[in-house]
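K.L.:
would you be able to build a 3D model of this:
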Amino acid sequence: MVAGMILFILMGIFIGSNQLNWFTLNQVMIFFGWGNLLMPVVFSIYMAMDIASTNRKLAAQLKENDRLAAENIAKEQEKNKLISEQAEQLEKTVLERTAQVREQSEKLRAMDAAKSRFL
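P.N.:
Next up is the predicted model:
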């Protein structure tokens, strides 16, 4: 963009000064007229292309964000599933151990009662 503006200015100076007498005054005026008309058009085209490029980049980033969000949701669901499975397993283990402790407690009470009867 900057290079185009510098080139436009340099060409205007070169053509306007007509140092080499390549152009007539009428041709110089036509060049300046077209230059003044084309500059806004070229600038508008440049801006449209820049905005379109930015839009494409943002669309690609949005797709990447959606993909990462879906990936994170899947990982979170997998993590929650794993946690619930481990919680169920822990509860089963606690129930089994509680049953074992009660069974041993009953055995100890029975042994204590047998000992008391013996003595």
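
K.L.:
which of the residues in stretch 32-50 are buried?
P.N.:
Gly35 (16 or more other CB atoms under 10 Å). For every residue, glycine as well, the C-beta is placed using N, CA and C.

K.L.:
for Thr24, phi and psi?
P.N.:
Per-residue torsions, Thr24: phi -90, psi 170 (degrees, to the nearest 10).

K.L.:
distance-wise, check it relative to Leu37.
P.N.:
20 Å (CB to CB, to the nearest Å).

K.L.:
give me the number of residues near Gln104?
P.N.:
The number of residues packed near Gln104 is 10, by other CB atoms under 10 Å.

K.L.:
check what pLDDT it gets.
P.N.:
Note on Gln104: pLDDT of 94.

K.L.:
any idea how far Ala110 is from it?
P.N.:
11 Å.

K.L.:
cool, and Lys81?
P.N.:
Lys81 is 44 Å from Ala110, by CB to CB.

K.L.:
same check on Gly12?
P.N.:
Distance, Gly12 to Ala110, using CB to CB: 112 Å.

K.L.:
more neighbours: which of the two?
P.N.:
Legend: neighbour count by other CB under 10 Å for Gly12 and Ala110, higher for Gly12 (16 against 10).

K.L.:
didn't the more buried one look like it was pressed against Trp34?
P.N.:
No. Under the criterion of CB atoms under 8 Å, Gly12 is not in contact with Trp34, lying 11.2 Å apart.

K.L.:
check which helices and strands whichever helix in the chain runs longest sits against.
P.N.:
As assigned by DSSP state H, the longest helix anywhere in the chain is helix 25-118. On a contact count with 3 or more CB pairs under 8 Å, 6 or more residues apart in numbering; DSSP states H and E, helix 25-118 meets helix 2-17.

K.L.:
mean confidence score for stretch 51-66?
P.N.:
Per-residue pLDDT values over stretch 51-66 give a mean of 97.

K.L.:
alright, I will stop here.
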